[in-house]
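> Sequence and predicted structure below; questions after.
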2 protein chains.
Amino acid sequence: MTHDSGPQAEDAQPAAAAAELAAARIAELEDQRLRALAEVENVRKRCASQVARTKQEAEAEVASRWLPVLDSLDLALRHADADPGSITEGVRAVREQALGVLARLGFARREDLGATFDPARHEAIAARPDPDAPDGSVVEVVRPGYGDGETQLRPAQVIVARAQ
Amino acid sequence: MTHDSGPQAEDAQPAAAAAELAAARIAELEDQRLRALAEVENVRKRCASQVARTKQEAEAEVASRWLPVLDSLDLALRHADADPGSITEGVRAVREQALGVLARLGFARREDLGATFDPARHEAIAARPDPDAPDGSVVEVVRPGYGDGETQLRPAQVIVARAQ
């Protein structure tokens, strides 16, 4: 053994050990990276099925809230055969019930009579002079709007007062 | 330079280069692993907001399908004031419309009269002898069921024929 080969031989062994450690670390990291990528894929797939399930559940949940309204309609019609005069009252109650369902879902019927025309909430289908109403205010709601702001289901169709 | 130090020195240089390459590879893999983990987190967060948005959209979509039914109820009541006799016909039409909304959502009203009692679809609220009906068959639907199988919104309440 020469004088300089000593230190070099000593360096070579740690270098081999370091190389082995590095290889192990690389294998471990590659494995972890592949697992993380697989996890991304799994989360994506789970998410897609969760979204589909959520949609179905929300649809069923909202649809089921209408069953009592249907029951009331059935009842009003059953009574109508026995007592034709009772149906109007029954149907008014059904309408209140249906409005309640929409309101509890966050889509209350809006009362826009007298409001200032707002293109975000109103669809003007006509304009007419009205001596009692301020110019540009809603003088008649032809078809009511439901919900408000981001939860607006539809704007109200209105007739607007115009200067005479 | 000695005879053996030569090869050792030659080995040392590739070993250093290999160590450098390994370190670079480790840094790269660690970076990729962290990115993949961050991506998992992002996908989770996006999924949560997508689920919330899907729920809102489905609720609004299903709720909005009922607005024409409300419009028809309004119309039937408006006509009722002018012609009280017209309302029954109007309300029958509203009921058909409402049943159509549920059917298109996949929750058709079931016709269970005469069916064999099935605890998954029927809720027996009474039993009565019926000479014309097979034992265990539905002789009256008190409250109809909607939807079927996995999409059943509610079972039908029925009266079942029992042996005399």
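In hand now; what should we look at? In this text the structure is predicted, and so the values were computed from the model without any measurement.
> What ranges does chain A have for its strands?
Across chain A, reading from the start of the chain, the strands by DSSP state E fall at A:122-129, A:138-143, A:156-162.
> winner for burial among the ones you listed?
Per-residue neighbour counts averaged over each of the strands of chain A give the maximum for strand A:156-162, namely a mean of 20 (mean count of other Cβ atoms under 10 Å in any protein chain shown). Using the backbone N, CA and C atoms, a C-beta is placed for each residue, glycine as well.
> With mean pLDDT and distance to B:Asp74 as added columns, please give the strands of chain A in JSON lines.
Output for the strands of chain A, formatted as JSON lines (pLDDT from 0 to 100; distance: least, Cβ to Cβ, whole Å):
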{"stretch": "strand A:122-129", "mean pLDDT": "96", "distance to B:Asp74": "16"}
{"stretch": "strand A:138-143", "mean pLDDT": "95", "distance to B:Asp74": "9"}
{"stretch": "strand A:156-162", "mean pLDDT": "96", "distance to B:Asp74": "12"}
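> now for the ones you listed, which one comes closest to chain B?
Across the strands of chain A, chain B has its closest neighbour in strand A:138-143 (6.5 Å, Cβ to the nearest Cβ).
> What helices and strands are in contact with that closest one?
Judged by 3 or more Cβ pairs under 8 Å, 6 or more residues apart in numbering or on different chains; DSSP states H and E, strand A:138-143 is in contact with strand A:122-129, strand A:156-162.
> what sits up against that strand?
The contact list for strand A:138-143, computed with Cβ atoms under 8 Å, 6 or more residues apart in numbering or on different chains, reads A:111-117, A:122, A:125, A:128, A:130, A:133, A:156-161, B:71.
> at 7 Å what do you get?
With Cβ atoms under 7 Å, 6 or more residues apart in numbering or on different chains as the contact definition, strand A:138-143 has outside contacts at A:112-115, A:117, A:122, A:125, A:128, A:130, A:133, A:156-161, B:71.
> how many neighbours does the nearest residue to A:Leu70 once chain neighbours are set aside have?
Sequence neighbours aside, B:Ala98 is the residue nearest to A:Leu70 in space, at 5.7 Å (criterion: Cβ to Cβ, 6 or more residues apart in numbering or on different chains). Counted by other Cβ atoms under 10 Å in any protein chain shown, the residues lying close to B:Ala98 total 25.
> give me every residue that touches B:Ala98.
For B:Ala98, the contacting residues are A:Trp66, A:Leu70, A:Leu73, B:Val69, taking Cβ under 7 Å, 6+ apart as the criterion.
> Buried ones among these?
The neighbour-count test (16 or more other Cβ atoms under 10 Å in any protein chain shown) marks A:Trp66, A:Leu70, A:Leu73, B:Val69 as buried among these.
> Could you verify my assumption that the last one touches B:Gln97?
Yes - with contact defined as Cβ atoms under 7 Å, B:Val69 and B:Gln97 form a contacting pair (5.3 Å).
> Where does the prediction get shaky in chain A?
A:1-12, A:81, A:84, A:164 (pLDDT under 70).
> Quick one: check the longest helix seen in it for contact with chain B.
If you go by DSSP state H, chain A has its longest helix at helix A:5-64. Yes - Helix A:5-64 is in contact with chain B by Cβ under 7 Å from any Cβ of the partner chain, via A:5, A:8-9, A:11-12, A:15, A:18-19, A:22, A:25-26, A:29-30, A:32-33, A:36-37, A:39-40, A:43-44, A:47, A:50-51, A:54-55, A:58-60, A:62-64.
> What helices and strands are in contact with that helix?
When contacts are defined as 3 or more Cβ pairs under 7 Å, 6 or more residues apart in numbering or on different chains; DSSP states H and E, helix A:5-64 sits against helix B:5-64.
> Between helix A:5-64 and the helix it packs on, find me the angle.
Going by axes from the mean of the first three to the mean of the last three Cα atoms, to 10 degrees, helix B:5-64 is angled at 10 degrees with respect to helix A:5-64.
> quick one on the thing from earlier: okay if I get the buried ones among the contacts of B:Ala98 as TSV plus distance to B:Ile87?
Conversion of those to TSV gives the following (distance: Cβ to Cβ, whole Å):
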residue	distance to B:Ile87
A:Trp66	21
A:Leu70	17
A:Leu73	12
B:Val69	15
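> In helices only, show me the residues you listed.
Cross-referencing the buried ones among the contacts of B:Ala98 against helices under DSSP H gives A:Leu70, A:Leu73, B:Val69.
> Among these, which one sits closest to A:Ala93?
Distance to A:Ala93 across these (Cβ to Cβ) is lowest for A:Leu73, with 10.2 Å.
> residues near the closest residue to that closest one other than its chain neighbours, how many?
Closest residue to A:Leu73 apart from its sequence neighbours, by Cβ to Cβ, 6+ apart: B:Arg95 at 4.7 Å. For B:Arg95, the neighbour count with other Cβ under 10 Å is 20.
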